[in-house]
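Asker: Sharing a model prediction with you, sequence too.
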Amino acid sequence: MKNIWIISFCFLAGCLSKKEDANPGQIREVVNTFYDALKKNDTAGIKAVCTQDFRLVEDGIVLNADSSVRVLKKMPPYQIQFVFTNYNAILDQHSAILTYDKQATFTMRDTTETSKWFESAFLLKEKNAWKLYLLHSSVKK
């Protein structure tokens, strides 16, 4: 199954071409909005920027919009600060791939930890709005 995702991702990356009317800033804004909603446990906010069949793949676990929030709601009170860098977008009028580095600083109880990931987001345009279809995270070592 892992190989199917990798092959599909590579195929789509090769097929997409940059178009003048597609805006990489809009793609980044969708990802930022998703993470703003995620850190607030805002299920409606997450669903607003995701396709109905959205999937988040992280650490070998596949989550959808609802289960992503359920996981966070089970945690003790926390704060998260995200920093995104090194954006790279490949897009056309109907689909986009965005890769970026993400750093998150978690504060839970009296403990603060910082983690870093490389992420890939695949977005589709639905009714003139960009929506997250797939978000894949890999921990940076």
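Answerer: That came through fine. Numbers count the residues shown, from 1 in each chain.

Asker: if I pick residue 78, what's in contact with it?
Answerer: 72, 106-108 (CB atoms under 8 Å, 6 or more residues apart in numbering). C-betas here are computed from N, CA, C, even on glycine.

Asker: who's it bridged to?
Answerer: Per DSSP bridges, the residues bridged to residue 78 are residue 108.

Asker: Any figure for the gap between it and residue 49?
Answerer: Taking CB to CB, to the nearest Å as the measure, residue 78 falls 21 Å from residue 49.

Asker: Tell me where the model's unsure across this structure.
Answerer: The chain contains residues with pLDDT under 70 at 1-22.

Asker: For it, which segments count as strands?
Answerer: All strands of the chain, identified by DSSP state E, fall at 50-58, 61-63, 78-91, 95-108, 111-126, 129-139.

Asker: Tabulate those strands in TSV, adding columns for distance to residue 44.
Answerer: Converted to TSV, those look like this (distance: least, CB to CB, whole Å):
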stretch	distance to residue 44
strand 50-58	11
strand 61-63	17
strand 78-91	19
strand 95-108	22
strand 111-126	17
strand 129-139	14
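
Asker: Out of those strands, which gets nearest to residue 40?
Answerer: Distance to residue 40, taken as CB to CB, is lowest for strand 78-91 among these, at 9.6 Å.

Asker: could you check the angle strand 129-139 makes with that closest one?
Answerer: Angle of strand 78-91 versus strand 129-139, following axes from the mean of the first three to the mean of the last three CA atoms, to 10 degrees, is 110 degrees.

Asker: Give me the residues contacting the longest helix seen in the chain.
Answerer: Counting by DSSP state H, the longest helix found in the chain is helix 24-39. With CB under 8 Å, 6+ apart as the test, helix 24-39 has contacts from 42-46, 48-50, 68-69, 72, 79-80, 82, 84, 87, 89, 91, 96, 98, 100, 121, 123, 130-132, 135.

Asker: got the angle between that helix and strand 78-91?
Answerer: 160 degrees.

Asker: buried sites along helix 24-39?
Answerer: Using 16 or more other CB atoms under 10 Å as the test for burial, helix 24-39 gives 27-28, 30-31, 33-35, 37-39.
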